Structure formats: structure tokens, C-alpha cells
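J.: Got a sequence here, can you build the structure:
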Amino acid sequence: MANAGAAVTFLSPSEGPDDRFRENVNVLVQDLPFSTMTLRQYTETSLSQATSQIPDLKLLSSNPTLLADREAQRVTYSGQQGGHFLEWEQVWLVDRGRAYVITLTAELSRFYTIHATAEAVIQSFALD
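T.: Numbering: from 1, shown residues only. A predicted model of the protein is given here:
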């Protein structure tokens, strides 16, 4: 998914002129359309949107987890976007009418190389 509205984006360094995709981790804070939206509703909506944006999306996992000591969802999927074969991992939570989403986007061949960096961002995430 695109990182429009990202509060912060971390980009991997370019590996030279042949590096056509910069792996990234971003944090998105999104005001929800109604303040009573549940984590389950947000998950269903997010997966539906991802499927419409990535026609060949393959859902690899979707599991409950914790983020900032709150109920959250961790989702991993792969697909092709912009001529790149990518894998995404997202962790999101819903709190007081907002969704907080941390997304790792990487080429399939680089996903596990930068996964530890993304996991450090996820583990450091906190809410007031």
C-alpha cells in the first residue's frame, strides 16, 4: 500500500544505480471514518483495499498481536506493484478513532534482510 499520509518513513540506502526499489518502513496515523470502528472492521477494510490495489495479492498471514501494549493485527502479504515483486508486513492498531499502521515494504529478495530493522521500529512504537 502507498505511504501517503505517513507520519515518518525510513528508506534503505541505495545500493547503486541498479537498485530500482528502496525498501522502507513507514508509520501512518489515520483518522477513522467513525470513532467506533473496531480492530476487526479496520482489518477487513484494510485487506479489502490492499486486494483492490494489488490485484495478484497473496495473503501470507494475518494474526493478532500486540502493539504498544494494545490489541493489534499483524498481516503479511506479497504481490507485484510497479513492476516490482514485493512483500509487505503491516502491524496496526485502532485507538480512540485513529489507526496506527507500521508497514515494511521490500522486494521479495530483500524482505528478510531488513525485517529486523522493521521489527525494531514496531517494538519501539508507543502511544501516550
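J.: contacts and neighbour counts: CA atoms only from here.
T.: Fine.
J.: Pick out the residue closest to the middle of the protein.
T.: residue 103 (2.3 Å; CA atoms, centre = their mean).
J.: bridging residues for that residue?
T.: residue 26, residue 90 (DSSP bridges).
J.: Then residue 107?
T.: Here residue 107, judged by DSSP bridges, has bridge partners residue 86.
J.: quick revisit: what's the distance between the residue nearest to the centre of the chain and residue 34?
T.: Distance from residue 103 to residue 34, counting by CA to CA, to the nearest Å: 23 Å.
J.: Where does the prediction get shaky in this structure?
T.: Judged by pLDDT under 70, the chain has its weakly predicted residues at 1-6.
J.: For the residue lying farthest from the centre of it, identify the helix or strand it belongs to.
T.: Distance from the C-alpha centroid of the chain, by CA atoms, centre = their mean, peaks at residue 17 (26.5 Å). Per DSSP states H and E: residue 17 is located in neither a helix nor a strand.
J.: which residues touch it?
T.: Contacts for residue 17 (CA atoms under 8 Å, 6 or more residues apart in numbering) come out as none.
J.: just use 52 as the starting number from now, easier for me
T.: Okay, using 52 as the starting number, the last item reads as residue 68.
J.: so how far is stretch 121-130 off the chain centroid?
T.: 7 Å (CA atoms, centre = their mean, to the nearest Å).
J.: Contacts made by it with the rest, please.
T.: For stretch 121-130, contacts defined as CA under 8 Å, 6+ apart pick out 90, 94, 105-117, 136-145, 159.
J.: Next step: these restricted to helices.
T.: In helices, defined here by DSSP state H, the members of the contacts of stretch 121-130 are 90, 94.
J.: Narrow the contacts of stretch 121-130 to just the buried residues.
T.: Among the contacts of stretch 121-130, those classed as buried by 16 or more other CA atoms under 10 Å are 90, 94, 108, 110, 113, 137-145, 159.
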